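give me a model of this one.
(3 chains)
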Amino acid sequence: MDWSFIVKFTPMYAEAALLTLTIGATGIVCAVIVGLVCAMVKYYRVPVARQIVSAYIELSRNTPLIVQLFFLYFGLPKAGILLSSEACGIIGLTFLGGSYMAESFLSGLNSVGKIQLESAASLGMKSGQIMRHIVFPQAFSVSVPAICANVIFLLKETSVFSAVSLADLMYVTKDLIGMYYNTWEALLMLVTAYLIIILPISAVFSVLERRLRRAGN
Amino acid sequence: MRGIEVLFLGNNMLRLLEGLWVTVRLALISIGLSLILGSALGAAMTLKNKVVKVITRVYLEIIRIMPQLVFLFIVFFGVTKLTGANLSGEVSAVIVFTLWGTAEVGDLVRSAFGAIPKHQFESGISLGLSKPQLYLFIIFPQALRGLIPNIINLSMRMIMTTALVSLIGVTEVLKVGKQIIDANRFDYPNAAIWVYAAIFLLYFLICFPLSLVSRGLAKRRADK
Amino acid sequence: MSEHIIDINHLVKSFGENSVINDLSLSVSRGEVVVLIGPSGCGKSTLLRCLNGLEPIQGGSVTLHGEAVEHGGAGLHKVRQKIGMVFQSYDLFPHMTVLNNVILAPIKVQKRGREEATEAALALLDRVGLKDKAGAYPSELSGGQKQRVAIVRSLIMNPDIMLLDEITAALDPEMVHEVLNVVLDLAKNGTTMMIVTHEMAFAEAVADRVVFLDGGVIVEEGTPAEFFHNPKTERARKFLKTFTYSR
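Got it, this is the predicted structure:
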């Protein structure tokens, strides 16, 4: 193991990891927003919008992110829509994650039984109040585990960003291996970087889930 | 925006389909191997042995926490470095996706058996069935019905994930697409949007039916 | 007993082709306890749901003090505050303590102060013997306790009428009593109620008037003494017979 190589290129990996994280976090936040909107559309059965959302969810869930990214990055410019690598990463992750988030939110909303809605209504609560005090608090704790799983899934999916020339961890690794043949060092740093990103998040999530499960009973 | 004709020029469509078959075949081989190895893993996971439990748990966690692409890199670049021989992208892919699929199948098998209520075992035994009979007639059929939708879903995800092999130099549908785009650069400068839209649609046409079947089976089971 | 609380006029309710309530009229006066009985599927639960605007109706009207109760109507949440309803299944909000279940609507809907609402809630919980469970979550309660809390949750709104929809049907037999005792106590104190139940002995004890429904119409109505011991119609006699075992 060539430690000087590792020391030399650590800043490069740190920068790439930061890029992955920034774009990943932005995409995930956007995915949560898109997911919430889609879930509400489906929950309230908004006509027309509901069919559009369903079609979007199927398209997004049944195609690979890398193919979505190729279309955004190499295809769309031909239609006059020129996107930077970063924009492609964020849009791609939002497009993919939005559908996963929508399904998770929706199953949370649907977990609150009809009888609860009726008894809240018969107490004279308005639909806004019912959503705020009865549906959301319960839906939230049901959705959290699925949302956490989605976040981890999406963070892992960011690894394909190099396909649209984003200088992320995979990109840097491939570069270093190609240039210097320090394969093991490059791979070690790659694995370490992903562990540093994902392990703490996954640990926080499992604590959060355990808390919620206890509060639920 | 014109250029959709490119798709139907010469044997372009056929080439795209061939490219798609490269990854679908990789997915099918990996799923086949995963089913065999995963069943064994799942069986091992039901054992009460502590050491086995820890090892399988660690294996599952490692597979879960890392992006599949990272494993592809490790095997593709790492093994080449180690042995000096060039491991092809296809072989690397089968190794990595089988490792992943085995973990997933193992976990599915374990939970499918775990989901069978205890009284099913008890009432089977109290009817006087022998152990092989109990498993053959009572336990396996029930476990299988729970497994099949999940296995179909996994196959679909496997087909989507094998698209990653383009990043380790395997000539599959995305690469073929690029070749077609490059070859028609002058006659059809806008070919890219159509070619990639076509690939997007092809994936959808393969994966969507699988999703529907998997969901349909799962729902039919839940309704019973 | 002259002032009408609820008036049902020529109510028609159907689910698609299936007509469930056919041109039914009925009034409940202040302080009166009306018990609805009848075979399953006779429309008695549907009737209660219509009274609370939970179901759209196809004809006729339901009014509370002359004010229309209309499914989807703009003023529905206002009318509903005056109608308490308790359902068959335990419908407490599982993410809130007993106390918070009870004071949610007084605070959010009636805009009462938290302190006053809490005080009222504790007094009512005390009345049904559950004051010490105020801080518990629904999952820690037995079925009978949950239903008593559900009754309190409606009572605290000071409704003009309480609708009880088979509130003991999902309970273990040994818990039925504790819930019915609470209802009897309410009746004694002059609470106006409309009750759907399968407990005939309870119906006889609590009712001022028994209404026997079958096929979505009122077949017979009268005092409990008349109805249970001297039913006028053949259908009522047949129905009551199903509750006695003869070898």
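
helix, strand, or coil at residue C:5?
Residue C:5 carries the three-state label strand when classified by DSSP: H, G, I helix; E, B strand; the rest coil.

of all of chain A, which residue lies closest to chain C?
With CB to the nearest CB as the measure, the residue in chain A that lies nearest chain C is residue A:124; the distance is 3.5 Å. In short, each C-beta sits where N, CA and C put it, glycine included.

let me see the contact set for the closest residue to residue A:155 other than its chain neighbours.
Once its chain neighbours are removed from consideration, residue A:155 has its nearest residue in residue A:24; the separation is 5.3 Å (CB to CB, 6 or more residues apart in numbering or on different chains). Counting by CB atoms under 8 Å, 6 or more residues apart in numbering or on different chains, residue A:24 touches A:93, A:154, A:155, A:158.

what about residue A:24, which helix or strand?
Here residue A:24, judged by DSSP states H and E, is contained in helix A:3-43.

distance from that helix to the middle of the chain?
In terms of CA atoms, centre = their mean, to the nearest Å, the centre of helix A:3-43 is found 8 Å from the chain centre.

show me what secondary structure element comes after it.
Next helix or strand after helix A:3-43 toward the C-terminus (DSSP H and E): helix A:49-61.

what is the rounded mean pLDDT of that next one?
Model confidence over helix A:49-61, given as mean pLDDT, is 96.

run through who's touching it.
Helix A:49-61 has contacts (CB under 8 Å, 6+ apart) with A:38, A:41-42, A:68, A:95-96, A:98-100, A:102-103, B:204, B:208, B:211.

out of those residues, which is most surrounded?
residue A:102 (27 neighbours; other CB atoms under 10 Å in any protein chain shown).

mean confidence for stretch B:209-224?
Stretch B:209-224 shows a mean pLDDT of 87.

same deal with stretch A:165-172?
What stretch A:165-172 shows for mean pLDDT is 89.

same check, this time on stretch C:17-31
90.

next one: that stretch to chain centre, how far?
Going by CA atoms, centre = their mean, the spacing between the C-alpha centre of stretch C:17-31 and its chain's C-alpha centre is 14 Å.

can you tell me what sits against it?
With CB under 8 Å, 6+ apart as the contact definition, stretch C:17-31 has outside contacts at C:1-14, C:34, C:43, C:46-47, C:50, C:59-60, C:160-161, C:190-192, C:194, C:211, C:213, C:215-218.

rewinding a little: go through the contacts of helix A:49-61 and flag which are in helices.
Assignment to helices by DSSP state H places the following of these there: A:38, A:41-42, A:68, A:95-96, A:98-100, A:102-103, B:204, B:208, B:211.

just for the chain, where's the confidence low?
Here I'm looking at chain A. Across chain A, the ranges flagged by pLDDT under 70 are A:214-217.

my bad, the chain I had in mind was chain C
Judged by pLDDT under 70, chain C has its weakly predicted residues at C:1-2, C:246-247.

show me which residues of it are close to chain B?
Residues of chain C lying close to chain B by CB under 8 Å from any CB of the partner chain: none are found.

what is the burial count for the residue of chain C found nearest chain B?
Closest contact between chain C and chain B, by CB to the nearest CB, is at residue C:89 (20.6 Å). A count of nearby residues for residue C:89, using other CB under 10 Å, gives 18.

separation between it and residue B:216?
Using CB to CB, to the nearest Å, one obtains 30 Å as the distance from residue C:89 to residue B:216.
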